[in-house]
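the sequence and its predicted three-dimensional model are supplied below.
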Amino acid sequence: QVQLVETGGGLVQAGGSLRLSCAASGGTFSSYAMGWFRQAPGKEREFVAAVSRSGGSTDYADSVKGRFTISRDNAKNMVYLQMNSLKPVDTAVYYCAASLFGGPRLSMYPYWGQGTQVTVSS
């Protein structure tokens with residue numbers, strides 16, 4: 001059983017940056033692909049970014065390509081989401097998730113954190 005805890009959310013002005021962190025425990029971290037998802041008020045949860053077990057492969061939603069970067073540190077059991085050039089439409093609760101398979105599909109991720117709020121003001 002993997003436990004995930006996200007930190008780093010907050011309020012930022014449009015054009016600003018935030019770095020989200022996700023600490024994993026309770027499992028062999030390097031066995032899991034990791035993903036970031038987000039859910040805005042009144043909307044479904046959506047894929048943001050994913051990283052492979054080794055960190056050598058990444059995938060991004062079109063809406064964040066070129067602005068967000070996902071990375072991981074297997075020695076520290078951490079995954080990160082660096083978010084630059086933030087826009088008001090990026091406002092959402094951001095969730096970290098773990099999967100044996102990875103990819104953009106929510107259903108492939110059985111382990112989820114509690115989420116961290118990101119608010120981007122215009």
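Looks like it arrived, so ask away.

all helices of this structure, in order?
Counting by DSSP state H, no segments of the chain form helices.

remind me which residues of it are low pLDDT?
Within the chain, no stretch falls below the threshold (pLDDT under 70).

return the residues in contact with the residue most central in space within it.
Residue closest to the mean C-alpha point of the chain, counted by C-alpha atoms, centre = their mean, is residue 36 at 2.3 Å. Each residue near residue 36 by C-beta atoms under 8 Å, 6 or more residues apart in numbering is listed here: 20, 22, 48, 49, 50, 70, 79, 81, 94, 95, 96, 97. Just so you know, the C-beta spots here come from the backbone N, C-alpha and C atoms, and that holds for glycine as well.

tell me the contacts of the nearest residue to it once chain neighbours are set aside?
Closest residue in space to residue 36, ignoring its immediate chain neighbours: residue 48 at 4.3 Å, by C-beta to C-beta, 6 or more residues apart in numbering. Residues near residue 48 by C-beta under 8 Å, 6+ apart: 35, 36, 37, 38, 60, 61, 64, 68, 81, 94.

what number of residues lie near the last one?
What that stands for is residue 94. 23 (other C-beta atoms under 10 Å).

what's the separation between the closest residue to residue 16 other than its chain neighbours and residue 120?
Spatially, and ignoring its direct neighbours in sequence, residue 16 is nearest to residue 86 (5.4 Å; C-beta to C-beta, 6+ apart). Distance, residue 86 to residue 120, by C-beta to C-beta, to the nearest Å: 5 Å.

repeat that for residue 69.
In terms of C-beta to C-beta, residue 69 sits 17 Å off from residue 120.

the more surrounded of these two?
residue 120 (20 against 16).

beta partners of that one?
residue 12 (DSSP bridges).

got a list of what it touches?
11, 12, 13, 14, 16, 86, 87, 88, 89, 90, 91.

overlap of the contact sets of residue 86 and residue 120?
12, 14, 16.

give me the buried subset of the residues you listed.
For those, a burial check counting by 16 or more other C-beta atoms under 10 Å picks out residue 12.
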